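Engineer: need a structure here:
(chains A and B)
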Amino acid sequence: GENVEQHPSTLSVQEGDSAVIKCTYSDSASNYFPWYKQELGKGPQLIIDIRSNVGEKKDQRIAVTLNKTAKHFSLHITETQPEDSAVYFCAASINYQLIWGAGTKLIIKP
Amino acid sequence: NAGVMQNPRHLVRRRGQEARLRCSPMKGHSHVYWYRQLPEEGLKFMVYLQKENIIDESGMPKERFSAEFPKEGPSILRIQQVVRGDSAAYFCASSPPQGQGYEQYFGPGTRLTVT
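Structural biologist: Modelled structure (predicted):
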């Protein structure tokens, strides 16, 4: 079955700098890759997603890249702000069943 | 446009009692998913339902756990005879009936504590 690995587990960046979180997946049939942001005590919030027919997608300060050959995808956050502090999860799916990474705790230092 | 709603937000049960968790999907969504999350871990898929149908329950323990999504009313995740190991956050997600991909939108979760 699918397996998703996510790195790093914790990422601390200075406010205003960029943050990059990386995920790898094992099943080449996976075709949908969402990213979720989870704040303490809340449910995961879908922030961006990408499908396997696209290599990159951008939404304001957030971008996701996908390398199907290498089976990895990354989340890029530019000009980080204090409200970006949260746990970020990547996931991969072939159909409806999302397989989740273990999460990255992003800390934005003032 | 209300998002996915879950209740209760917090639930405390003693060992052996039953826990009932409710989920109302977003308006227009007919697919519901339940996930479980342990502290500092990712979510684990439990079950996928459409109205009156269980599509995939491969992630749900065969004993004590059941789920339903009736024609009218919310989806229910039911845990009978709870044990301490059932303590976790349970999240419900919903997605639209059609379309490419399966964008899933999550509710705020129910935090179950078994004492």
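
Engineer: Only C-alpha atoms from now on, for both contacts and neighbour counts.
Structural biologist: Will do.

Engineer: So which residues of chain B form strands?
Structural biologist: B:5-7, B:10-13, B:19-24, B:31-37, B:43-50, B:53-56, B:65-68, B:75-79, B:88-95, B:105-106, B:110-114 (DSSP state E).

Engineer: What's opposite A:His76 in the beta bridge?
Structural biologist: A:Val20, A:Ala63 (DSSP bridges).

Engineer: Let me fix that, I meant to ask about A:Ile108.
Structural biologist: A:Val13.

Engineer: Number of residues surrounding the nearest residue to B:Gly16 once chain neighbours are set aside?
Structural biologist: Counting by C-alpha to C-alpha, 6 or more residues apart in numbering or on different chains, B:Gln81 is the residue found nearest to B:Gly16 once chain neighbours are left out, at 3.8 Å. B:Gln81 has 16 neighbouring residues, counting by other C-alpha atoms under 10 Å in any protein chain shown.

Engineer: List the backbone torsions phi and psi for B:Gln81.
Structural biologist: phi 50, psi 60 (degrees, to the nearest 10).

Engineer: That one and B:Glu63 touch, don't they?
Structural biologist: No - the pair B:Gln81 / B:Glu63 is not scored as a contact, 9.8 Å apart, by C-alpha atoms under 8 Å.

Engineer: Can you list the low-confidence ranges for the chain?
Structural biologist: Going with chain A. Within chain A, not a single segment meets pLDDT under 70.

Engineer: Sorry, I should have been clearer: chain B.
Structural biologist: Filtered on pLDDT under 70, chain B yields the residue ranges B:1, B:98-101.

Engineer: how about the residue nearest to B:Val12 when sequence neighbours are not counted, what does it touch?
Structural biologist: In space, B:Val12 comes closest to B:Thr113 once its chain neighbours are excluded; the distance is 4.8 Å by C-alpha to C-alpha, 6+ apart. Residues in contact with B:Thr113 (C-alpha atoms under 8 Å, 6 or more residues apart in numbering or on different chains) are B:10-13, B:84, B:86-88.

Engineer: Could you rerun that using 7 Å?
Structural biologist: Going by C-alpha atoms under 7 Å, 6 or more residues apart in numbering or on different chains, B:Thr113 touches B:11-13, B:87-88.

Engineer: between those residues, which is closest to chain A?
Structural biologist: Set against chain A, the nearest of those by C-alpha to the nearest C-alpha is B:Ala88 (12.1 Å).

Engineer: Report the beta-bridge partners for the closest one.
Structural biologist: B:Leu112.

Engineer: repeat for B:Ala93
Structural biologist: Beta-bridge partners, per DSSP bridges, of B:Ala93: B:Tyr33, B:Phe106.

Engineer: Tell me how many other residues crowd it.
Structural biologist: Neighbours of B:Ala93 (other C-alpha under 10 Å): 28.

Engineer: so it sits right up against B:Gly107, yeah?
Structural biologist: Yes - counting by C-alpha atoms under 7 Å, B:Ala93 does reach B:Gly107; the two are 6.1 Å apart.
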